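Asks: coordinates for the following, if possible.
(one chain, ligands or ions: 1)
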Amino acid sequence: MNSYWVDTTTRPKFPKLDKNIDTDICIIGAGITGIMTAYMLLDKGLKITIIDKGEICSGVTENTTAKITSQHGLIYNYLEVTFGTEFASLYLESNQKAIDTIENIIKKENIECEFERVDNYIYTCKDEYVQKIKDEVETINRLGVEAKLLDKIELPFEVKAGIKLHEQARFHPLKYLYKIVEILKRSGVEIYTNSIVINTKQEGKEYQVITEDNIIKAKYVVMATHYPIKSFPGLHFLKMYQDRSYAIAIEPHAKIDTGMYISAETPVASFRPINEELLIIGGSDHKTGENSIDLDTSYKSLETYAKEIYPSMKVKYRWATQDCVSLDKVPYIGDFSNLMPHMYIATGYKKWGMTTSHVAAEIIRDKILEENNKYEEIYKATRMAPIKNHNEFGNMLKQTTYSLGINKIKQSKYKIEDLAKDSGGVVEYQGRKMGIYKDKDGKIFAVEPYCKHLGCELSWNNLEKTWDCPCHGSKYDYTGKLITEPAVKDLDRIDIKQENS
Ligand code: FES
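Replies: Next up is the predicted model:
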């Protein structure tokens with residue numbers, strides 16, 4: 001199902017790349033980061049080209065809850081304790097500034113995108129989180145931004161404590177970005193869609209950005225691809241995982257229209273009014289590809305929860321998204337690797353990309369223009385310190401070991417006849433392992449069940465009828481067509497004799 005944002009806009013269309021071109025800056029990825037980076041670099045005398053494997057804004061950008069806030073969960077006390085007060089202060093300042101940047105752009109370009117300043121709240125319903133909320137309030141105030149400790153908030157249930165941060169914002173992200181894209185087009189930025197980049201190569205001081213049929217030569221490359229499509233030498237796959245979450249937009253039959261809300265505790269519950277009639281409720285987070293949970297419950301549990309609060313509510317929209325999470329909870333923005341000058345990335349937004357995309361666009365702009373940016377150092381993408389997060393790093397290694405080694409040599413305990421119609425899984429068939437989806441009519445779609453990124457064994461996602469990678473979150477449809485990077489190729493399809501299902 002489409003998100004509300006998609007259903008209430010018309011997506012501008014762009015051609016597929018069908019020639020070799022030379023450009024100054026090649027931005028791979030036409031989501032919010034790619035588009036805003038191009039916008040920040042307008043009028044600098046540089047030729048800019050954007051290329052995307054799908055349509056513009058068709059990834060995480062169209063599936064956001066569109067909260068523009070610097071309150072990225074309970075982050076500031078953690079940042080201060082882990083990295084120090086100055087670091088936490090710069091993180092807060094950069095994201096607060098991003099809210100102003102968005103507002104200023106909207107005013108300057110006269111964009112009608114339902115932007116409004118509203119307060120953001122983090123709340124808890126659990127006693128054990130009350131002290132964490134108090135610590136967070138103290139930290140934010142110490143960092144110079146006013147945060148209020150509350151024992152009541154507007155939500156229709158009781159809370160134990162909450163934090164209110166003033167003057168955050170919300171908007172319609174696609175109305176905003178489609179207008180920016182119009183400006184880019186008018187200014188001569190070339191945009192190509194449905195053109196997948198399969199590799200990049202360094203050639204002297206330039207790069208070749210290689211698609212299936214063409215090559216773009218560029219002085220600067222910005223990988224604004226959500227997850228970097230290049231693994232080496234950046235090694236971000238060792239420092240980041242992907243997390244999936246779900247949203248429903250309901251008609252709640254009870255007005256809640258003054259703020260934006262998220263729980264401190266897990267499972268996370270997020271509330272974001274769109275207008276007086278519609279309310280987004282988000283949650284059911286899990287690591288992408290995690291096969292120990294029943295994904296069929298993802299929307300159901302959100303709906304059950306919504307019904308408890310609003311018994312006569314109606315679900316109008318459902319959508320899902322996933323985002324990259326760095327092991328130290330700080331995005332990676334800047335140089336991809338010290339060995340590859342003029343290649344940049346922006347990733348690891350952990351679902352707070354409305355502000356961090358704008359922080360990233362400004363940092364990358366300043367790097368290209370060789371200007372100072374006071375926030376560059378805290379987001380440095382080449383840092384290896386995150387792997388010192390032994391718990392998460394250990395979990396990732398364990399997952400990778402299983403998916404890359406143990407699972408691959410283990411025989412599957414399932415056979416093709418064990419699969420019901422409209423379901424899938426990794427099965428033993430014709431003496432080998434295969435990824436099989438059996439559609440509603442019993443037609444079989446077979447693929448090699450190994451990810452095209454680094455080869456991990458894939459998990460079947462019966463909710464979305466996709467093959468998900470538990471290692472770094474690549475996603476493919478049931479025919480093997482790539483949906484989400486870091487992989488850049490479709491799965492190998494297996495032609496098997498169609499037998500009775
Ligand atoms: Fe890395 Fe699949 S996404 S191995």
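Asks: name the element R11 belongs to?
Replies: Under the criterion DSSP states H and E, no helix or strand holds R11.
Asks: likewise N194?
Replies: For N194, there is no enclosing helix or strand under DSSP H and E.
Asks: can you get me a residue count around the closest residue to it other than its chain neighbours?
Replies: Excluding its sequence neighbours, the residue lying closest to N194 (CB to CB, 6 or more residues apart in numbering) is K16, at 4.9 Å. Quick note: C-beta positions are derived from backbone N, CA and C, even for glycine. Using other CB atoms under 10 Å, K16 is surrounded by 13 other residues.
Asks: ok, K16 - contacts?
Replies: By CB atoms under 8 Å, 6 or more residues apart in numbering, K16 lies in contact with Y192, T193, N194, S195.
Asks: kindly reformat the residues you listed as TSV containing pLDDT, distance to I363 and neighbour count.
Replies: TSV is the format used below for the contacts of K16 (pLDDT from 0 to 100; distance: CB to CB, whole Å; neighbours: other CB atoms under 10 Å):
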residue	pLDDT	distance to I363	neighbour count
Y192	98	25	20
T193	98	26	20
N194	97	29	15
S195	97	26	20
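Asks: how about the residues you listed in TSV, adding distance to the ligand?
Replies: Supplementary listing: the contacts of K16 in TSV, determined by distance: CB to the nearest ligand atom, whole Å:
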residue	distance to the ligand
Y192	25
T193	23
N194	22
S195	21
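Asks: columns distance to I27 on top of these, output as JSON lines?
Replies: JSON lines is the format used below for these (distance: CB to CB, whole Å):
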{"residue": "Y192", "distance to I27": "11"}
{"residue": "T193", "distance to I27": "13"}
{"residue": "N194", "distance to I27": "16"}
{"residue": "S195", "distance to I27": "13"}
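Asks: count of residues packed around the nearest residue to D323 once chain neighbours are set aside?
Replies: Distances taken as CB to CB, 6+ apart put K351 closest to D323, at 4.5 Å, once the chain neighbours are dropped. Residues lying near K351 (other CB under 10 Å) number 23.
Asks: one more: the one 4 residues further on?
Replies: T355 sits with 25 neighbouring residues when counted by other CB under 10 Å.
Asks: how far away is I416 from E128?
Replies: 47 Å (CB to CB, to the nearest Å).
Asks: quick one, which of these two is more surrounded?
Replies: Taking neighbours as other CB under 10 Å, I416 and E128 compare with I416 leading, 18 against 10.
Asks: list the contacts of stretch 135-151.
Replies: 70, 74, 76-77, 80, 85, 88-89, 92-93, 96, 121-123, 133-134, 159-166.
Asks: stretch 212-220 now?
Replies: Contact partners of stretch 212-220, identified using CB under 8 Å, 6+ apart, comprise 17-26, 49, 51, 195-196, 198, 203, 205-209, 342-344, 368.
Asks: in helices, which of those appear?
Replies: Judged by DSSP state H, helices contain the following of those: I368.
Asks: next, count neighbours for the residue nearest to L42 when sequence neighbours are not counted.
Replies: In space, and not counting its chain neighbours, L42 is closest to S187: 5.1 Å by CB to CB, 6+ apart. Using other CB under 10 Å, S187 has 13 other residues around it.
Asks: near the ligand, which residues of the protein show up?
Replies: Within the chain, the positions near the ligand by CB under 6 Å from any ligand atom are 237, 451, 453-456, 469, 471-474, 486-487.
Asks: tell me how far F232 lies from C125.
Replies: According to CB to CB, F232 and C125 sit 45 Å apart.
Asks: what is the subsequent helix or strand relative to the lowest-mean-pLDDT helix or strand in the chain?
Replies: In the chain, the helix or strand scored least confidently by mean pLDDT, DSSP states H and E is helix 407-409, which has a mean of 66. Next in sequence after helix 407-409, counting helices and strands by DSSP H and E, comes strand 423-429.
Asks: mean confidence for that following strand?
Replies: Computed over strand 423-429, the mean pLDDT rounds to 92.
Asks: same deal with stretch 285-293?
Replies: Stretch 285-293 comes out at a mean pLDDT of 72.
Asks: returning to what we had before: more neighbours: which of F232 and C125?
Replies: Shown here are F232 and C125; by other CB under 10 Å, C125 has more neighbours (16 against 10).
Asks: so that one touches A161, yeah?
Replies: No. At 9.3 Å, C125 does not count as touching A161 under the criterion of CB atoms under 8 Å.
Asks: all helices of the stretch 1-150 of the chain, in order?
Replies: 4-7, 32-40, 76-83, 85-109, 130-142 (DSSP state H, counting those that start in this stretch).
Asks: how distant is the third one from the center of its chain?
Replies: Its chain's average C-alpha position is 23 Å from that of helix 76-83, according to CA atoms, centre = their mean, to the nearest Å.
Asks: that helix versus helix 85-109: what angle between them?
Replies: 130 degrees (axes from the mean of the first three to the mean of the last three CA atoms, to 10 degrees).
Asks: go on, the last one?
Replies: In this structure, helix 130-142 runs at an angle of 70 degrees to helix 85-109, with the same axes, to 10 degrees as the basis.
Asks: return helix 130-142 as PDB; C-alpha atoms alone will do.
Replies: The C-alpha coordinates for helix 130-142 follow below in PDB (Å, rounded to 0.1, in the frame of the first residue of the first chain):
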ATOM      1  CA  VAL A 130      11.200   8.200  34.300                       C
ATOM      2  CA  GLN A 131      14.700   8.800  35.400                       C
ATOM      3  CA  LYS A 132      16.000   8.500  31.800                       C
ATOM      4  CA  ILE A 133      13.400  11.200  30.800                       C
ATOM      5  CA  LYS A 134      14.600  13.400  33.700                       C
ATOM      6  CA  ASP A 135      18.200  13.000  32.700                       C
ATOM      7  CA  GLU A 136      17.400  13.800  29.100                       C
ATOM      8  CA  VAL A 137      15.600  17.000  30.000                       C
ATOM      9  CA  GLU A 138      18.500  18.100  32.200                       C
ATOM     10  CA  THR A 139      21.000  17.400  29.400                       C
ATOM     11  CA  ILE A 140      19.000  19.200  26.700                       C
ATOM     12  CA  ASN A 141      18.700  22.300  28.900                       C
ATOM     13  CA  ARG A 142      22.400  22.100  29.700                       C
END
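Asks: columns mean pLDDT, mean neighbour count and distance to I153 on top of the helices of the stretch 1-150 of the chain, output as TSV?
Replies: Shown next, in TSV, are the helices of the stretch 1-150 of the chain (pLDDT from 0 to 100; neighbours: other CB atoms under 10 Å; distance: least, CB to CB, whole Å):
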stretch	mean pLDDT	mean neighbour count	distance to I153
helix 4-7	98	19	24
helix 32-40	98	26	29
helix 76-83	96	19	19
helix 85-109	98	18	21
helix 130-142	98	18	11
